[in-house]
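J.: Turn this into a structure:
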Amino acid sequence: MNTFKLSAFMLLSPALVSAFAAHADPLSLGASVIYAQSPYRGGQDRYLPVPVINYEGENFWFRSLQGGYYLWKDPQNQLSLTLLGSPQQYDPDDNDLGDMKSLDKRRMTLMAGGTYRHVAQWGILRTALLGDVLNNSNGIIWDLTYLYRFEFGAFSLTPGIGALWNSANQNRYYYGVSSHESARSGIAQYRPDDSWSPYVELNASYQLSQNWNASFSGRYTRFDDEIKDSPMVDKNGQVTLWTGLSYSF
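T.: Below you'll find the model as predicted:
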């Protein structure tokens with residue numbers, strides 16, 4: 001199975017990707033598996049193998065599914081231009097329900113914009129504003145996260161809370177039902193507006209040795225009504241889990 005071949009997969013937000021790479025040395029390589037719960041009616045949950053490739057340079061950085069160029073970098077603040085691959089898509093051929101098979105395909109896309117991270121004694125604040133650059137959804141997302149890190153020797157635990165804003169175009173592309181789709185499938189026409197979906201997050205890391213590190217990230221996102229009320233969707237929220245092993249050079 002292609003790593004990004006999904007019947008339905010919510011965007012891996014910059015906050016979750018960065019949290020998974022929180023212990024990135026100049027270069028870390030490894031392997032990981034993502035579990036993604038499908039939000040769509042008749043959609044299939046997926047287990048996805050993803051390589052861990054983390055690089056932290058003076059000007060450039062790369063963290064598995066995203067990369068960027070630092071505009072400002074010091075121990076407390078990092079501001080960068082960012083590119084993020086969004087594997088979210090909907091493929092009607094992979095759906096089990098007849099009416100859902102009659103909908104149009106929603107494609108993966110590439111998001112670009114800015115990300116900012118601030119580290120202080122009171123915690124970590126991370127935010128990202130990104131827009132579709134491939135003219136698929138023509139949407140914009142804004143992710144805002146607060147995390148607090150606990151250290152227990154070789155083990156660290158970082159819980160967090162946040163919210164993901166989707167523009168109206170983003171929601172209409174991935175969750176809307178057009179008039180011609182409605183006529184073809186019998187599913188009610190739906191045109192959502194923008195949305196705020198809150199989430200809780202937990203990140204854990206264990207330093208197995210000087211070079212080996214095991215990581216886990218999990219998130220539960222509670223869908224805004226604009227998403228939850230879509231006739232394409234049959235869940236109130238979505239679970240995403242990411243676990244992996246990496247070696248630092």
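J.: To which secondary structure element is the residue lying closest to Q66 once chain neighbours are set aside assigned?
T.: Distances taken as C-beta to C-beta, 6 or more residues apart in numbering place L84 nearest to Q66, at 4.2 Å, with adjacent residues excluded. (Each C-beta comes from the backbone N, C-alpha and C, glycine too.) Using DSSP states H and E, the element containing L84 is strand 77-86.
J.: rewinding a little: the residue nearest to Q66 and P198, how far apart?
T.: 20 Å (C-beta to C-beta, to the nearest Å).
J.: Of the two, which one has the most company?
T.: L84 (24 against 14; other C-beta atoms under 10 Å).
J.: And the pLDDT at that one?
T.: You'll see L84 listed with a pLDDT of 89.
J.: List the neighbours of stretch 166-179 that are in contact with it.
T.: The contact list for stretch 166-179 (C-beta atoms under 8 Å, 6 or more residues apart in numbering) reads 88, 90, 103-104, 106, 132, 136-141, 185, 187-195, 197, 224, 226-227, 230-233.
J.: out of those residues, which are inside helices?
T.: Counting by DSSP state H, the part of these found in helices is 185, 226-227.
J.: Save those as TSV, and put in neighbour count and pLDDT too.
T.: Listed next are those as TSV, based on neighbours: other C-beta atoms under 10 Å; pLDDT from 0 to 100:
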residue	neighbour count	pLDDT
S185	19	96
E226	21	98
I227	25	97
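J.: so which of these comes closest to F155?
T.: I227 (35.1 Å; C-beta to C-beta).
J.: Distance check, the closest one against T221.
T.: 9 Å.
J.: how many other residues sit next to the closest residue to G237 other than its chain neighbours?
T.: Once flanking residues are discounted, G237 sits nearest to R222: 4.5 Å by C-beta to C-beta, 6+ apart. Residues lying near R222 (other C-beta under 10 Å) number 15.
J.: pretty sure N211 contacts L245?
T.: No - using C-beta atoms under 8 Å, N211 makes no contact with L245, being 11.1 Å away.
J.: could you pull out the helices for the protein?
T.: 14-20, 168-175, 179-185, 225-228.
J.: Of all those helices, which one is nearest N59?
T.: helix 14-20 (17.4 Å).
J.: thinking Y190 is in contact with K228, fair?
T.: No - counting by C-beta under 8 Å, Y190 does not reach K228; the two are 11.5 Å apart.
J.: picking that back up, now for the residue nearest to G237: which residues touch it?
T.: Contacts of R222 by C-beta under 8 Å, 6+ apart are 197-199, 236-237.
J.: which outside residues touch stretch 104-116?
T.: Outside stretch 104-116, the residues that touch it by C-beta under 8 Å, 6+ apart are 4, 11, 14, 18, 68, 71, 77-92, 126-134, 136-137, 141, 173-174, 178, 181.
J.: May I see the buried residues of that stretch?
T.: Neighbour counts over stretch 104-116 (16 or more other C-beta atoms under 10 Å) mark 106, 108-109, 111, 113, 115-116 as buried.
J.: Show me how far it is from its chain's centre.
T.: 10 Å (C-alpha atoms, centre = their mean, to the nearest Å).
J.: Could you double-check that N95 lies in contact with K101?
T.: Yes - between N95 and K101 there is a contact at 5.5 Å, judged by C-beta under 8 Å.
J.: circling back: dump the buried residues of stretch 104-116 to CSV, plus pLDDT and distance to N169.
T.: Formatted as CSV, the buried residues of stretch 104-116 follow (pLDDT from 0 to 100; distance: C-beta to C-beta, whole Å):
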residue, pLDDT, distance to N169
R106, 94, 12
M108, 87, 16
T109, 90, 11
M111, 94, 13
G113, 97, 15
T115, 96, 21
Y116, 97, 23
